[in-house]
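Asks: Kindly generate the corresponding structure for this input.
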Amino acid sequence: MDLNRIIPWTWRRYLIAILIIAGAGAIRAVFFGGLGRGTAYLTYYPAVVLAALYGGLHSGLVATVVSAFLSFLWIQKGYMSTVETMAMGVFLISCTMITGIAEAMRRAQARAKQEKEKAEAANLAKSKFLAGMSHELRTPLNAILGFSHLMRNDAGLSEEQRNTLDIINRSGEHLLNLINDVLDMAKVEAGRLSVENNLLDLGKMVRDITDLLRVRAEEKGLQLLLDQSSDFPRFIRADGAKLRQVLINLVGNAIKYTEQGGVTLRLNARSADVPERLLLIVGVEDTGAGITPEDQARIFVPFVQVGKLNTQKGTGLGLAIARTYVELMGGRLSVESAPGKGSIFRVEAPVERAEESEVSAVEIKRGRVVGLAPGQPEYRILIVEDQMENWLLLRRLMEGVGFPVRVAENGAAGVGMFQEWRPHFIWMDIRMPVMDGLEATRRIRALDGGREVKITALTASVFKEERDNVTAAGMDDFIRKPYVPEEIFDCLARQLDVRFVYEEATMAAAAAPTVALHPKALATLPQELRKELTDALVSLDAARITNIIHRVSEIDPALGDTLAQHANQLNYTAILQALHAVKVNLTMEAV
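Replies: The predicted structure follows:
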């Protein structure tokens, strides 16, 4: 029943005001009738307030007039003394003021509600924009990175062609990192960024970061010191990716903007309010030029670079992302600085305790998948994807190892293909014309045999909510574009228990003992080549590292093989230490 259609709001508020005053009069008669003419307005003051809060200015004024009229005719019997007349005046003035205040409150609440609705609408529009932009940007990157990876494995390529593909791949990865930074900030503003806690070897992560960044510091003649308290835990449960990014951003910035002296990373922890939690305390202290109080208020603003920062390369997002990540983890990031006295960035973040036994051993890195292991049943793979470059890439990956594959270019066609061909596994894109992947999955699950088939979502969305939608629709797994082949094959292994054959050369290299890397061998390389290799290792640019090692092989094949073996095992620290030893030795010889 629509009350507004029966009694419009304009009249309903007046009716409610009169009923409230009638109720106040009844209370007066029943409980305070013995007071006579005294305190005539005792019950009418709160009644006027209620009427004004309910109906606003006009409702409050009606309640005031009706109250005064009842008091004059009923309680005061139609006549008033001078004092009673003054009391009546005070009542009218007070109730009018109360009514005005109540009306102002109602209008403020209405404006706040409108602003909230506008903000929610703006966030919804931003979320839709981000979803669209993420799909439009990450989808072509998936094809660029995927096909360049496939082409690079072609044995018939020349070294020059491999180098060209490395450039394409490296440029694509750099663009993806920039897109992710910008989308992360946009997701924060839209309230869509979340924390994903996992088991973490914090001690190893800190060592890796300091080993990598120490070389960059020493290139500038700076010291990078580690001051670790005995209370600092090794194993925790936290968002490792975000915590690592925070430390890299803070220490990297400190090194970048310090010209002499050094940078100290101070690590500590103390018990939190809950026994199973700890409060990590991380300080990054430098001897740089310092930051003015005015600039301290701006350094955490996205895309803002202050002081000498405007001459540096970068997006101006490093500190903004660091603070955002820390606050998402429930902590805070602060800065203490003064011009000429350096800076101290301090992180305080709550984490959960973990034991060494909880942290699983790191899996041995396997080589490239080259085929299916013998003695297995045939698995039919259906790809439901509307973008030709994406289904073509995925089909080549599947057919390249021996899977029979068919393609459907929208969800409706995918449902029909499932009924006709009965695949064992479906790669399902989410955003497609005619019928999207979520609806197609729901329809397949409702068909005969639809509960047995494994369905994995392929999406370019950056939102965690997409995973919830995927699960609700009945999908078994989730892969985000752009992906690497290892993710695709690992997913098939999880869902189908399928076994693969891996490239023997890579497996043999991984199994072989690591050849020692001697600084004397590196000393024969040109200084510029050593510097390029150092920069690539510090930035963790795998494609660039591979390219440089190929160039080293042209000069010294044995040294190139040794470097490749270390790089394949991700033993970057050993290479960096050897490069540093070369620099130290050459410096001492010069002296």
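
Asks: Contacts only, for Leu92.
Replies: Thr64, Ala68 (Cβ atoms under 8 Å, 6 or more residues apart in numbering). For glycine as for every other residue, the C-beta is placed from the backbone atoms N, C-alpha and C.

Asks: Secondary structure element holding it?
Replies: According to DSSP states H and E, Leu92 maps onto helix 82-152.

Asks: now that helix: mean pLDDT?
Replies: Here helix 82-152 scores 77 as its mean pLDDT.

Asks: go on, stretch 200-212?
Replies: Stretch 200-212 comes out at a mean pLDDT of 83.

Asks: contacts for that stretch?
Replies: By Cβ under 8 Å, 6+ apart, the residues outside stretch 200-212 that reach it are 224, 226, 228, 232-238, 240, 243-244, 247-248, 251, 265, 267, 354, 359, 537-538, 540, 572-573, 576-577.

Asks: how distant is it from the center of its chain?
Replies: Chain-centre distance of stretch 200-212: 22 Å, with Cα atoms, centre = their mean, to the nearest Å.

Asks: So for it, what gets flagged as buried?
Replies: Buried residues in stretch 200-212, counted by 16 or more other Cβ atoms under 10 Å: Leu200, Asp201, Leu202, Met205, Val206, Asp208, Ile209, Thr210, Asp211, Leu212.

Asks: now, which of those residues sits nearest Arg494?
Replies: Nearest to Arg494 among the buried residues of stretch 200-212 is Leu200, at 22.2 Å by Cβ to Cβ.

Asks: before we move on, what SS does that closest one have?
Replies: strand (DSSP: H, G, I helix; E, B strand; the rest coil).

Asks: From Ala254, how far out is the nearest residue to it once chain neighbours are set aside?
Replies: Spatial nearest neighbour of Leu200, chain neighbours left out: Gly240 (4.2 Å); criterion: Cβ to Cβ, 6 or more residues apart in numbering. For Gly240, the distance to Ala254 (Cβ to Cβ, to the nearest Å) stands at 21 Å.

Asks: Ile7 too?
Replies: Taking Cβ to Cβ, one finds Ile7 at 69 Å from Ala254.

Asks: who has more neighbours, those two?
Replies: Ala254 (26 against 13; other Cβ atoms under 10 Å).

Asks: In helices, which of the buried residues of stretch 200-212 fall?
Replies: In this view, the buried residues of stretch 200-212 that belong to helices under DSSP state H are Leu202, Met205, Val206, Asp208, Ile209, Thr210, Asp211, Leu212.

Asks: Which of those residues sits closest to Ile426?
Replies: Using Cβ to Cβ, those come closest to Ile426 at Met205, 36.9 Å.

Asks: and the protein, what are its domains?
Replies: 3-119, 198-356, 369-504, 512-590 (automatic domain parsing).

Asks: right, and the ones you listed - which one's nearest Thr164?
Replies: Across those, the minimum distance to Thr164, taken as Cβ to Cβ, is reached by domain 512-590, at 10.0 Å.

Asks: Which of the contacts of stretch 200-212 fall in strands?
Replies: Cross-referencing the contacts of stretch 200-212 against strands under DSSP state E gives Leu224, Leu226, Gln228, Phe235, Ile236, Arg237, Ala238, Leu265, Leu267.

Asks: Just list whatever residues bridge to the residue nearest to the third one when sequence neighbours are not counted.
Replies: Translated: Gln228. Spatially, and ignoring its direct neighbours in sequence, Gln228 is nearest to Leu267 (4.5 Å; Cβ to Cβ, 6+ apart). Bridge pairing for Leu267 (DSSP bridges) gives the partners Gln228, Val282.

Asks: All the helices of the stretch 301-450 of the chain, in order from the start?
Replies: Along the stretch 301-450 of the chain, counting by DSSP state H, counting those that start in this stretch, helices occupy 318-328, 388-401, 411-421, 437-445.

Asks: between these, which gets nearest to Pro485?
Replies: Checking those against Pro485 by Cβ to Cβ gives helix 388-401 as the closest, at 5.9 Å.
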